[in-house]
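> next come a sequence and a model predicted from it.
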Amino acid sequence: MSTGLIERHLAAIVAADVVGYSRLMGVNEKGTLAALKAHRLALIDPLIAAHKGHIVKTTGDGLLLSFPSIVEAVSCAVAIQSGMARRNKNIAADVRIEFRIGVNLGDVIVEKGDVFGDGVNIAARLEQIAPPGGICLSEDAYRQVRGKLEIPITDAGEQKLKNISNPIRVYRIEPSVAAAVEPAASLAQPRRRSLVWASVGVAITAAIALAVITWFSLSRAPHDVSQSADPAKPIASSAMPVIAVLPFANQTGDEGQEYFADGVTEEIISALGRFNTLRVIGRNAVLPYKKRPATREEIVSELGANYLVGGSVRRSGTRVRIAAELTESRVGTVMWTNHFDGELADIFEFQDSIARRIAGTLAANVALIEGRRQLDQPRPNPTAFDLVLRARAIGHGSSRTTNRQFRELITKAIELDPNYAAARALLAEALFSMAVLGWTEFPDQELARGAAEARKAITLAPNEPDGYRALGYILLARTEYDQAKDALKRAIEINPSDAHALAVWGSVQSFSGEVGGATESLQLALKLDPMLEPKLVFDLAVAYYLARRHEDALRIAERGLARYPDFPMFNVPAAAAAAQLGRMEQAARYVEVLRRRVPFLDLDKLGSRFKDPSHPEYLREGLKAAGL
């Protein structure tokens, strides 16, 4: 009998098991073993190592893992499920390998490299009740990750687990949530800070609020479109490197050139976003760092990026120098630095070269990255390009005046270069804003003009995302949902990091009845661009409400109210969700704000753009319960 001391310690334990392993082996033993080995080699084992995990033992169809941190354990579990969902995308349901995963934080006994005890037993039992592709957490595990992982976790209540004496409170990460999450960007929840709509800096007026209600409640009958097969979901790969391009510094000595440095930053973000094996943080998410000094550690914590790109722009007449630096964010290692000198007419070559060099460095140090940049794309007139940068600096959605100024600049750019596809796409988006925000007496006419410009942009540059994204906006406004999906799907295929295309895709899904997919797409868009325009964040809150995820709907609505206090429509999903949760006093406060700030709200028309009539009915049900 051993006389040694028993070694005990607190550990994060992950138990994973293949669903229906015996059936799979019975159908195709050799193929199942080969597939499982491939999944281990390409996905699972590298993720375990990346999250500092240790394989305690394997059981043929299962794994028992130990981690020094419960956050790393849950992040790894989510990454595995997300990666498996991606790998199973084109595999028939009856032969695909899916995992159930259980996670527990508890005391374990260590003996001869193995671990025992209730900490292990509970993880194993949690795995048994997890849904295929999903994850179950114990209450102890949930308490440690709450607030650290920005993903929805459902309270499944107390459960009696086999051979566990006392009931365990269980929390669940649903398969659809795990599949859509990008763990690399979710480890650190951004600290709360006062945020403004940086691109406009102008409060949303009551007229805009009315226009948004019109957008959401337009009484026009939706087109009778058939329910198309669910296309591939544009979700992130958990194994993708996440890169943030920080605002390039303006070193011209002329504040009037700030727009030019901002434009270069945006163009490089767009160029990097074309690489299908990269995730690029959106422009609005990095914009606050232009004016607010922050340490590398703060930026990494807030953005969750693996790599940072910084740089500067010097411009003197027609001469331009762009300097860029690529840094591995966690330890601050400079992986690559270079500068590019040339004429303004060559700036497009600069951007291509920078994007390719950064991606190539990542390929050499992280993973194989294949560029999709079209080297033979025609370059726009440099003066037209400058006008486009000036227009982008103004924005087209803050007021009637800025919209007019934006259109004037873009129109001049198109006059100089009629084949400038990006300019035509921007004009289409400006006409969209003009129509839906009530800045024209003829919205249908302006939407038709916008659609024509977007289609011209697509014809001129079929491998650029801008025209497809603009067309998707417009087709959504015209309730042509299936056609909007086609356009947006193409935009996302070209640039998987286009947060606005992802967000509008989610809005189309919500209006056409696919609320589960809508929450996934809109949440991913919000991760890539935390400063999404308010109506898209509003669509996420409504989608969560329609999916009966009332806590999430209330959370997003409250976040929207905090960020955009002049956008009162967030009180709609907030009131309905609070009422459904039985929080009547809270619901009444939101209703009081609606009565005061949106007195023209018509419940009979609210949500009439939804294809499924049960959705506006459920929204009205919540508002009536709240007392509206």
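That came through fine.
> what is the burial count for residue 125?
22 (other Cβ atoms under 10 Å). (C-beta placed from N, C-alpha, C; glycine too.)
> element containing it?
helix 118-129 (DSSP states H and E).
> what residues of that helix count as buried?
Buried residues in helix 118-129, counted by 16 or more other Cβ atoms under 10 Å: 119-127, 129.
> reformat those residues as a markdown table; add pLDDT and distance to residue 281.
Conversion of these to a markdown table gives the following (pLDDT from 0 to 100; distance: Cβ to Cβ, whole Å):
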| residue | pLDDT | distance to residue 281 |
| --- | --- | --- |
| 119 | 80 | 37 |
| 120 | 86 | 38 |
| 121 | 86 | 41 |
| 122 | 89 | 37 |
| 123 | 90 | 34 |
| 124 | 89 | 38 |
| 125 | 90 | 39 |
| 126 | 93 | 33 |
| 127 | 92 | 34 |
| 129 | 89 | 36 |
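> how is residue 418 assigned, secondary-structure-wise?
coil (DSSP: H, G, I helix; E, B strand; the rest coil).
> and the gap between it and residue 472?
23 Å (Cβ to Cβ, to the nearest Å).
> so these two - more neighbours on which side?
Remark: of residue 418 and residue 472, residue 472 carries more neighbours, 30 against 13, as counted by other Cβ under 10 Å.
> gap between residue 500 and residue 266?
Distance, residue 500 to residue 266, by Cβ to Cβ: 12 Å.
> the two: which is more packed in?
residue 500 (24 against 20).
> please tell me I have it right and the more buried one contacts residue 526.
No - counting by Cβ atoms under 8 Å, residue 500 does not reach residue 526; the two are 11.2 Å apart.
> anything in contact with each of those two?
residue 532 (Cβ atoms under 8 Å, 6 or more residues apart in numbering).
> buried residues in stretch 568-582, which are they?
Result for stretch 568-582 [16+ other Cβ under 10 Å]: buried residues 568-580.
> likewise stretch 382-396?
Buried-residue list, stretch 382-396, by 16+ other Cβ under 10 Å: 382, 384-396.
> how about stretch 480-491?
For stretch 480-491, by 16+ other Cβ under 10 Å, it's 480-481, 483-491.
> and those residues, which of them are in helices?
481, 483-491 (DSSP state H).
> just to revisit the earlier point, want to throw the buried residues of stretch 568-582 into CSV with distance to residue 106?
Shown next, in CSV, are the buried residues of stretch 568-582 (distance: Cβ to Cβ, whole Å):
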residue, distance to residue 106
568, 47
569, 45
570, 40
571, 43
572, 43
573, 38
574, 37
575, 41
576, 39
577, 34
578, 35
579, 38
580, 35
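> right, and out of these, which lies closest to residue 456?
Using Cβ to Cβ, residue 569 comes nearest to residue 456 of the buried residues of stretch 568-582, at 33.1 Å.
> spell out, range by range, the helices that occur in the stretch 251-400 of the chain.
258-272, 283-286, 296-303, 347-365, 382-394, 400-416 (DSSP state H, counting those that start in this stretch).
> lowest average pLDDT across these?
If those are sorted by mean pLDDT, helix 347-365 sits at the bottom with a mean of 56.
> check contacts around residue 577.
So residue 577 contacts 541, 544-545, 550-551, 553-554, 557, 622 (Cβ under 8 Å, 6+ apart).
> same check, this time on residue 250
257-258, 260-261, 312-313.
> still on that earlier bit, quick one: the buried residues of stretch 480-491 as CSV, columns for pLDDT and distance to residue 37 too.
Shown next, in CSV, are the buried residues of stretch 480-491 (pLDDT from 0 to 100; distance: Cβ to Cβ, whole Å):
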residue, pLDDT, distance to residue 37
480, 90, 47
481, 88, 42
483, 92, 43
484, 91, 42
485, 90, 37
486, 90, 38
487, 92, 40
488, 91, 37
489, 88, 33
490, 89, 36
491, 88, 37
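> including distance to residue 600, could those go into a markdown table?
Below are the buried residues of stretch 480-491 laid out as a markdown table (distance: Cβ to Cβ, whole Å):
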| residue | distance to residue 600 |
| --- | --- |
| 480 | 27 |
| 481 | 27 |
| 483 | 31 |
| 484 | 28 |
| 485 | 32 |
| 486 | 35 |
| 487 | 32 |
| 488 | 31 |
| 489 | 36 |
| 490 | 38 |
| 491 | 34 |
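> which among those residues gets closest to residue 626?
Using Cβ to Cβ, the buried residues of stretch 480-491 come closest to residue 626 at residue 481, 28.9 Å.
> my read: the closest one touches residue 612, true?
No - between residue 481 and residue 612 no contact is recorded; they are 11.4 Å apart, counting by Cβ under 8 Å.
> where's the residue nearest the centre of the chain, which helix or strand?
Nearest residue to the geometric centre of the chain (Cα atoms, centre = their mean): residue 524, 1.8 Å. Per DSSP H and E, residue 524 falls inside helix 515-528.
> could you say what helices and strands that helix packs with?
Helix 515-528 makes packing contacts with helix 175-180, helix 499-512, helix 534-546 when contacts are defined by 3 or more Cβ pairs under 8 Å, 6 or more residues apart in numbering; DSSP states H and E.
> what does it rub up against?
Contacts for helix 515-528 (Cβ under 8 Å, 6+ apart): 150, 176-177, 179-180, 182, 185-186, 230, 233-236, 279-282, 285, 497, 499-500, 502-503, 505-507, 509-510, 532, 536-537, 539-540, 543-544, 546-547, 549, 552, 615.
> for residue 101, give its distance to residue 130.
6 Å.
> need the overlap of contacts for those two.
residue 136.
> ok, residue 256 - how many residues close by?
Counted with other Cβ under 10 Å, residue 256 comes out at 8.
> repeat that for residue 163.
Residue 163: 8 neighbours (other Cβ under 10 Å).
> now do the one 5 residues further on
Using other Cβ under 10 Å, residue 168 has 18 neighbouring residues.
> ok, it - contacts?
Neighbours of residue 168 in contact, by Cβ under 8 Å, 6+ apart: 122, 125-126, 138-139, 158-159, 161.
> show me which of those is closest to residue 459.
Nearest member of the contacts of residue 168 to residue 459, counting by Cβ to Cβ, is residue 126, at 54.5 Å.
> how much space between the closest one and residue 172?
9 Å.
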